[in-house]
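Chemist: sequence and predicted model, in that order:
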Amino acid sequence: MEVAPCQPAAETGGDHTASIFMTAGVERAEVASPSLLSKQRSLRAVYVLNDGLKAVAANSPESGALQCLQRACDAESAILTTVTFGRLDFGETTVLDTFYDADIAVVDMSDVFRQPSLFYHLGVRESFDMANNVILYHDTDPDTAQSLKV
């Protein structure tokens, strides 16, 4: 899979449109693509947001990661769904199904207090042989980064 380097959101464009849907309490950001009419099932990716789409600041590291992921999914005609950490941690059935059934899960481990829950959910995915998991970490504290390396 080849992915172009990420650029600022102001430069995003192209033939694809991104939209956000609310389905049964799950925030969903889906990427419409010209190849959705093919008979092969699209790749599904899920991104765990720390606080929700509205709380993501335009210039924050999480916003940049989400924009890059959305462009990568767009390039591969994949469907990107976002779920909030609070709903995943609470155990809402639709959110758990979305997270566990996705082909690729992307989580941000920058918040040290959310790491135990996120590692648990990643472990559940791996127990189902869903090993395509991506961990993002914005290094603001060297001690925390060291604990993740160990």
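Modeler: Structure's in. What do you need? Residues are numbered from 1 along each chain as shown.
Chemist: quick check, residue 132 in contact with residue 105.
Modeler: Yes - if you go by CB atoms under 8 Å, residue 132 and residue 105 touch, sitting 7.2 Å apart. All C-beta spots, glycine's among them, are computed from the backbone N, C-alpha and C.
Chemist: now for residue 97: which residues touch it?
Modeler: Shown in contact with residue 97 (CB atoms under 8 Å, 6 or more residues apart in numbering): no residues.
Chemist: what strand or helix carries it?
Modeler: Element membership of residue 97 [criterion: DSSP states H and E] is helix 93-101.
Chemist: which parts of that helix are buried?
Modeler: Applying a neighbour-count criterion of 16 or more other CB atoms under 10 Å, one finds 95-96, 98-99 buried in helix 93-101.
Chemist: kindly report the same for stretch 110-125.
Modeler: Applying 16+ other CB under 10 Å to stretch 110-125 flags 110, 114-115, 118, 121-122, 125 as buried.
Chemist: what sits up against that stretch?
Modeler: Applying CB under 8 Å, 6+ apart, the external contacts of stretch 110-125 come out as 48, 50, 61-62, 85, 88-89, 99-100, 105, 107, 109, 131, 133, 135-138, 140-141, 144, 148.
Chemist: re earlier: right, and the helix or strand after the helix holding residue 97?
Modeler: The element immediately downstream of helix 93-101 (helix or strand, assigned by DSSP H and E) is strand 104-108.
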